[in-house]
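Q: Quick one, structure for this:
(chains A, B, C and D)
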Number of protein chains: 4
Amino acid sequence: MSDQARFQWPVRVYWEDTDAGGIVFYANYLKYFERARTEWLRSLGVGQNALKESTGGMFVVSETSLRYLRPARLDDQLIVTTRVLEQGRASLVLVQQALLFSEQATPVPQGLVAENEKNLRPETMPILCEGQIRIGWVVAQTLQPARIPANIMKALQ
Amino acid sequence: MSDQARFQWPVRVYWEDTDAGGIVFYANYLKYFERARTEWLRSLGVGQNALKESTGGMFVVSETSLRYLRPARLDDQLIVTTRVLEQGRASLVLVQQALLFSEQATPVPQGLVAENEKNLRPETMPILCEGQIRIGWVVAQTLQPARIPANIMKALQ
Amino acid sequence: MSDQARFQWPVRVYWEDTDAGGIVFYANYLKYFERARTEWLRSLGVGQNALKESTGGMFVVSETSLRYLRPARLDDQLIVTTRVLEQGRASLVLVQQALLFSEQATPVPQGLVAENEKNLRPETMPILCEGQIRIGWVVAQTLQPARIPANIMKALQ
Amino acid sequence: MSDQARFQWPVRVYWEDTDAGGIVFYANYLKYFERARTEWLRSLGVGQNALKESTGGMFVVSETSLRYLRPARLDDQLIVTTRVLEQGRASLVLVQQALLFSEQATPVPQGLVAENEKNLRPETMPILCEGQIRIGWVVAQTLQPARIPANIMKALQ
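A: Coordinates of the predicted model:
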């Protein structure tokens, strides 16, 4: 799979993200991955709150499987990548990685990431955390599984 | 005001609560205070989720003013106290403190706190954080301020 | 495996734990599991902060694999279970579950859980979330993997 | 004080930030303010982790006083402002505001904020939360108060 198909989103490590071990608290990678998924969906024209109000449905996370390979520290600049591994009628499996862009260096402007993603060359960055996330479409009121709406399926192609 | 009027709730410091400074991240005292307020209300027979479903109303926090005096560390056992400072028709002001019960010592069973609170002698414990929290009653759907329901007012007497 | 071998720890759902879907934010189950592991270790005489100071080592999470089966809501009372699946020289794999003890009901005193765990009958409670967590022993300063100290190995038997 | 003197930082509302009331959990504004302070310091050449390693000192929060005026929701785009109210030898008082830039609209590129801050016209945006934060300089090892290093004082002028 080519790099162009991987959506990239910058994440900065703040005090709130760290723990007394001096590193990013492992549960927070799920938050980083969520932010990147949200921005990936937004980049495809899929706004989650707007969708919930218009369709009464939403994505929920049903499975997460993560490996924590290297620690990140306060002020580190990360890049989080997202790509689709499997696409079903009611759920998606995504592969996500948190990469170390630079240790405590200057920020990556969000615009830059969108425009020049090939230049970022994520394949050269150390992998901090990686995993698979399954998200399923549900009726917001009942949380019952349902088919992903056609316009979202189309946007995901 | 006598000690009996102060509600006490034990809180343990876990990894999730700490930051890279090796101490409890200051924003987390707002979570500790929220837990203690919730249990104080529950002890008065006020269940927040049940209320939201039966009355369509809920308490929201409108002002917080906290001073951070001493740090807490991983495994410390804290006691959080709650008492009413002002009681109005649409809002309450509470005084809350996080006290250091013991550093990394044996837990305080929740039952003990309820039954023997005089024995805990909070006046002898170092104050870690203290402050005032204003909570107001609102209509859940619109978030507009409203009068606190009569049965809650009565429970708070 | 008998129930006695499963450590149980009560967890209450507060506002801080929920998200705009009205349910517990999935990443927070990692926090619940962490609290239960910490209390399980403490029940075996293993205090993590004390250990870090005495041995210079600590457990870190290296893999998490979770399935989210049913939602939990504000005020729900959960029981989190922990048992050892694999025990190696440098790491452990634990199986953990979050069970629904009661919806918005009276709290489970922590003492009760420790003393009467058979009475709680976790096998009758709906499973909200379950998964496997691998924790490895590392040198705190360098985060390099190391052998689990002998006294901890013994306590885990 | 002119608008140019207010540092501005964009913050997006994600699932992790919301609670079961459907709005941003109030404690999370302290996180938003922390991110904006960190980026304000970084814009002045002050990297907190680098400082901790080079000087052995760090800023800690000693007082927070916040008012929550209007709720923010999932996908809302906020702007957080920071300006210095008081500057002492050992501590600073900052005024911070979270403003509603747009509800669920297109993101504000971080570059734009830095370059065109006058165009953003924060004075026209609804205030969601505002408050004062006191941060003090301490010796990281002992957490004892100390004088803010001269190069930081100079950067803050």
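Q: interface residues of chain A facing chain B?
A: A:W15, A:E16, A:T18, A:D19, A:A20, A:G21, A:G22, A:I23, A:F25, A:A27, A:R73, A:L74 (C-beta under 8 Å from any C-beta of the partner chain). C-beta here means a position set from N, CA and C on the backbone, and glycine is covered the same way.
Q: for the fifth one, helix, strand, or coil?
A: Under DSSP: H, G, I helix; E, B strand; the rest coil, the three-state class of A:A20 is coil.
Q: measure it to C:E53 for me?
A: Computed with C-beta to C-beta, to the nearest Å, the distance linking A:A20 and C:E53 is 12 Å.
Q: More neighbours: those two, which one.
A: A:A20 (26 against 11; other C-beta atoms under 10 Å in any protein chain shown).
Q: For that one, which residues are in contact?
A: B:W15, B:T18, B:D19, B:A20, B:G22, B:I23, B:R73, B:L74, C:N49 (C-beta atoms under 8 Å, 6 or more residues apart in numbering or on different chains).
Q: same thing but 7 Å
A: For A:A20, the contacting residues are B:W15, B:T18, B:G22, B:L74, by C-beta atoms under 7 Å, 6 or more residues apart in numbering or on different chains.
Q: Closest one to chain C out of those residues, please.
A: When these are compared for distance to chain C (C-beta to the nearest C-beta), B:L74 wins out at 4.3 Å.
Q: tell me, which helix in chain A spans the most residues?
A: Assignment by DSSP state H gives helix A:28-43 as the longest helix of chain A.
Q: Tell me how far the helix or strand that that one is followed by lies from the chain's centre.
A: On the C-terminal side of helix A:28-43, the closest following helix or strand by DSSP states H and E is helix A:48-55. The chain centroid and the centroid of helix A:48-55 are separated by 19 Å, computed with C-alpha atoms, centre = their mean, to the nearest Å.
Q: Just want the phi and psi numbers for A:L85.
A: A:L85 has phi and psi values of phi -100, psi -50 when expressed as degrees, to the nearest 10.
Q: how many other residues sit next to it?
A: 13.
Q: Report the angle between the longest helix of chain A and helix C:28-43.
A: Computed by axes from the mean of the first three to the mean of the last three C-alpha atoms, to 10 degrees, the angle separating helix A:28-43 from helix C:28-43 equals 180 degrees.
Q: Check which helices and strands helix A:28-43 sits against.
A: Packed against helix A:28-43 by the contact rule (3 or more C-beta pairs under 7 Å, 6 or more residues apart in numbering or on different chains; DSSP states H and E) you find strand A:7-12, strand A:77-87, strand A:91-102.
Q: Sheet partners, orientation included, of the second one?
A: Same thing as strand A:77-87. Note on strand A:77-87: by DSSP bridges, its sheet partners are strand A:7-12 (antiparallel), strand A:91-102 (antiparallel).
Q: Would you format those strands as a markdown table with mean pLDDT included?
A: Shown next, in a markdown table, are the strands paired with strand A:77-87 (pLDDT from 0 to 100):
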| stretch | mean pLDDT |
| --- | --- |
| strand A:7-12 | 96 |
| strand A:91-102 | 96 |
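Q: Switch those strands over to TSV; also include mean neighbour count.
A: Shown next, in TSV, are those (neighbours: other C-beta atoms under 10 Å in any protein chain shown):
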stretch	mean neighbour count
strand A:7-12	22
strand A:91-102	20
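Q: so which of these gets nearest A:I152?
A: strand A:91-102 (9.7 Å; C-beta to C-beta).
Q: Identify the residues contacting A:V93.
A: A:L85, A:E86, A:Q132, A:R134.
Q: I'd guessed the first one sits against A:V95; true?
A: Right, the one you point to is A:L85. Yes - in this structure A:L85 lies within contact range of A:V95 using C-beta atoms under 7 Å: 4.9 Å.
Q: for chain A, what helix or strand is lowest in average pLDDT?
A: helix A:110-115 (a mean of 46; mean pLDDT, DSSP states H and E).
Q: Now the common contact residues for A:L85 and A:V95.
A: By C-beta under 7 Å, 6+ apart, the residues touching both A:L85 and A:V95 are A:Q132.
Q: returning to that earlier point: chain A next: which of the contacts of A:A20 are close?
A: Subset of the contacts of A:A20 in contact with chain A: B:W15, B:T18, B:G22, B:L74, counting by C-beta under 7 Å from any C-beta of the partner chain.
Q: Now do the third one, the pLDDT please.
A: What it means is B:G22. On pLDDT, B:G22 comes in at 92.
Q: What's the local residue count around it?
A: Neighbours of B:G22 using other C-beta under 10 Å come to 18.
Q: Next, the closest residue to it other than its chain neighbours: phi, psi?
A: Excluding its sequence neighbours, the residue lying closest to B:G22 (C-beta to C-beta, 6 or more residues apart in numbering or on different chains) is A:A20, at 4.9 Å. Here is the backbone geometry of A:A20 (degrees, to the nearest 10): phi -70, psi -10.
Q: Next: A:A146.
A: According to degrees, to the nearest 10, A:A146 has phi -150, psi 170.
Q: Could you measure from it over to chain C?
A: 15 Å (C-beta to the nearest C-beta, to the nearest Å).
Q: what's near enough to touch that residue?
A: With the criterion set at C-beta under 7 Å, 6+ apart, A:A146 makes contact with A:G57, A:A90, A:W137, A:V138, A:V139.
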